[in-house]
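Trainee: Sharing a model that was predicted from the sequence below.
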Amino acid sequence: MKRHCNAKIVATLGPSSSDRATIQALVEAGADVFRLNFSHGSHADHQQRMEHIRAVEREVGRPIGVLLDLQGPKLRVGTLAQGPVQLKEGATFRLDLDKEHPGDATRVALPHPEIFAALTEGAELLIDDGRLRLQVTRLGEGFVETVVLNGGPLSDRKGVNVPGVVLPLSALTEKDHRDLEFGLTLGVDWIALSFVQRAEDIVEIKRIVQDRAGIVAKIEKPAAVDRLDAILAETDAVMVARGDLGVELPAEAVPAIQKRIVRACRRLGKPVIVATQMLESMVSAPVPTRAEASDVATAIYDGADAVMLSAESASGRYPVESVAMMDRIIARTEADPQYRDLIEASHTQPQPNTADAIGWAARSVAGLLDVAAMVAYTSSGASAQRMARERPRARIIGMTPRRATARRLSLVWGVNAVLCHDVADVPEMTEEAVATARRIGLAQAGQTVVIAAGMPFGTPGSTNLLHIAQID
């Protein structure tokens, strides 16, 4: 049941990894959480993948998390009458609301009035992941004229980004509402929200989800970076969506933003996933580049909770090998003596509240006594997360009577989630914790475990007890 690494792996499922045998192989290779990308595939596809995940979970005896990734608004230009056209640098190009007439080398439809409402003279538009760059020179009723700053080919339905502008759009489309309700009926554990621009986007989806799943804010737009603190106050977890960030921001700005987001999440004790193009070359090659291996290792050295595979595991030729490679990189990095030095150096002081005080005290005791494992009895998962916030040397066991909590904890750094029954008193709590630590191979006779719990038992948010136990 135990995982040998602290950092977790999120693997995206897709055409290369949808059958039960492959999903089981991915778990055995090191996957902790599976991402269902609702930008692709039908509801039937995702339901079948979910059924396979739960069957594998029963077989391996370890909680497995499932992350539903919502598509979010997709802003695209319209169609072109004669196929792809070439936009030349310095040329004038018009974008308008006329969906009835296909475009040409001088104009194309942009059927999103919200964009026109937010644009100002001098604003830039990026098309086709930033390959084309336009600057607004004149605003009119239902159209804008632009000058082409970076030219190139333009074809039908290419995506549009508007950096530096907060668009008056909800992060949830009609499709997202349908996908969200379907995913909640399936019993997914986490919901990743795309197109986050402000904290209100998180509040909106939380009203719908109502604690049926945790919320992951995807930080993929400059507006979200500017409002990071407010977004972090509302969300349960964060994904650093570096691919989209790199479209609307200079590529050289992304590494510093990644580190800033990871630091902020660690300070608050909220799980953070580093995502996009981590082992991209393994989509078609059996090994990654050295730069990709270094990229994964950097996220681990920074203390990220999880690293994510996208096309590598969803549509690539080597899905299992990609997970196994990521697992090996994590293990090698965490075994480096400098890893612990960097984790300690980047540690921040806890908040002045009981939960953080217990987590900090448990870390201090674990360091002083060289304990084998730290155990958090938790109903909501919060006390295990507070332990994980401290990034202790000892492994963490999150013991919970709630299956949903155990699955959510599969995303959290260092936590081995274990289902247990409700305990009635301290002796029973101690007996269960010690037995579990021995059973999953994290402790043995003669060693010490530190146990955190709340009294009265079974009350969410009541963590107030720290107990030290010796294993006979």
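Mentor: Alright, I've got the coordinates.
Trainee: nearest residue to residue 186 other than its sequence neighbours?
Mentor: Computed as CB to CB, 6 or more residues apart in numbering, the closest residue to residue 186 that is not its neighbour in sequence is residue 50, at 4.9 Å. In short, each C-beta sits where N, CA and C put it, glycine included.
Trainee: Run the chain-centre distance for the helix or strand the one you found falls within.
Mentor: Assessed by DSSP states H and E, residue 50 sits inside helix 43-60. Using CA atoms, centre = their mean, to the nearest Å, the mean C-alpha position of helix 43-60 is found 20 Å from that of the whole chain.
Trainee: mean confidence for that helix?
Mentor: Summarised as a single mean, pLDDT over helix 43-60 is 97.
Trainee: and it, what does it pack onto?
Mentor: Contacts defined by 3 or more CB pairs under 8 Å, 6 or more residues apart in numbering; DSSP states H and E place helix 43-60 against helix 20-29, strand 33-37, strand 65-69, helix 174-186.
Trainee: Measure how buried residue 315 is and give me the count.
Mentor: Number of residues near residue 315 (other CB atoms under 10 Å) recorded here: 16.
Trainee: so what's it closest to, chain neighbours aside?
Mentor: Distances taken as CB to CB, 6+ apart place residue 14 nearest to residue 315, at 4.9 Å, with adjacent residues excluded.
Trainee: Likewise for residue 442?
Mentor: In space, and not counting its chain neighbours, residue 442 is closest to residue 373: 4.3 Å by CB to CB, 6+ apart.
Trainee: and what of residue 158?
Mentor: According to CB to CB, 6+ apart, the nearest residue to residue 158 is residue 128 (4.3 Å).
Trainee: thought the one you found was touching residue 157?
Mentor: No: the pair residue 128 / residue 157 is not scored as a contact, 10.1 Å apart, by CB atoms under 8 Å.
Trainee: and these two? which has more neighbours close in?
Mentor: More crowded of residue 128 and residue 157, by other CB under 10 Å: residue 128, with 18 against 10.
Trainee: how near is the more buried one to residue 76?
Mentor: Using CB to CB, to the nearest Å, we find residue 128 at a distance of 10 Å from residue 76.
Trainee: now residue 165
Mentor: Using CB to CB, residue 165 is found at 17 Å from residue 76.
Trainee: could you say which helix or strand contains residue 244?
Mentor: With DSSP H and E as the test, residue 244 turns up in helix 242-248.
Trainee: and that helix, which residues are buried?
Mentor: Residues 242, 244, 245, 246, 247, 248 are the ones in helix 242-248 that count as buried (16 or more other CB atoms under 10 Å).
Trainee: what ranges do the strands span in the stretch 101-250 of the chain?
Mentor: Secondary structure of the stretch 101-250 of the chain (DSSP state E, counting those that start in this stretch): strands at 107-109, 124-127, 132-140, 143-150, 152-154, 160-161, 190-193, 214-219, 237-241.
Trainee: partners of the first one, with directions?
Mentor: The pairing partners recorded for strand 107-109 under DSSP bridges are strand 92-96 (parallel).
Trainee: Residue 187: neighbouring residues, count only.
Mentor: With other CB under 10 Å as criterion, residue 187 counts 14.
Trainee: Equivalent analysis for residue 421, please.
Mentor: The number of residues packed near residue 421 is 9, by other CB under 10 Å.
Trainee: For the nearest residue to it once chain neighbours are set aside, give me its contacts.
Mentor: Spatial nearest neighbour of residue 421, chain neighbours left out: residue 401 (6.1 Å); criterion: CB to CB, 6+ apart. Applying CB atoms under 8 Å, 6 or more residues apart in numbering, we find residue 401 in contact with 379, 419, 420, 421, 422, 458.
Trainee: Mind doing that once more with 7 Å?
Mentor: Going by CB atoms under 7 Å, 6 or more residues apart in numbering, residue 401 touches 420, 421, 422.
Trainee: Over to residue 373?
Mentor: 394, 395, 397, 437, 442, 443, 449.
Trainee: go on, residue 102?
Mentor: Residue 102 makes contacts with 78, 79, 80, 81, as judged by CB under 7 Å, 6+ apart.
Trainee: if we go to 6 Å?
Mentor: With contact taken as CB atoms under 6 Å, 6 or more residues apart in numbering, residue 102 is in contact with 79, 80, 81.
Trainee: List the contacts of the residue nearest to residue 107 when sequence neighbours are not counted.
Mentor: Using CB to CB, 6+ apart and skipping the chain neighbours, the partner closest in space to residue 107 is residue 94 (4.0 Å). Contact analysis of residue 94 by CB under 6 Å, 6+ apart lists 107, 143, 145.
Trainee: Convert the C-alpha atoms of the helix holding residue 50 to CSV, please.
Mentor: Presented in CSV, the C-alpha positions along helix 43-60 are these (Å, rounded to 0.1, in the frame of the first residue of the first chain):
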residue,chain,number,x,y,z
HIS,A,43,-19.1,11.1,-21.0
ALA,A,44,-19.2,7.3,-21.8
ASP,A,45,-15.4,7.3,-22.3
HIS,A,46,-14.8,8.9,-18.9
GLN,A,47,-17.3,6.7,-17.1
GLN,A,48,-15.6,3.6,-18.4
ARG,A,49,-12.2,5.0,-17.3
MET,A,50,-13.6,5.8,-13.9
GLU,A,51,-15.0,2.2,-13.5
HIS,A,52,-11.5,0.8,-14.4
ILE,A,53,-9.8,3.1,-11.9
ARG,A,54,-12.1,2.0,-9.0
ALA,A,55,-11.7,-1.7,-10.0
VAL,A,56,-7.9,-1.3,-9.9
GLU,A,57,-8.1,0.6,-6.6
ARG,A,58,-10.0,-2.3,-5.0
GLU,A,59,-7.3,-4.7,-6.3
VAL,A,60,-4.2,-2.8,-5.2
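Trainee: Flag the shaky bits of the stretch 151-300 of the chain, pLDDT-wise.
Mentor: Applying pLDDT under 70 to the stretch 151-300 of the chain flags no residue at all.
Trainee: those helices in it, which residues are they?
Mentor: 174-186, 199-209, 222-226, 228-234, 242-248, 254-268, 290-301 (DSSP state H, counting those that start in this stretch).
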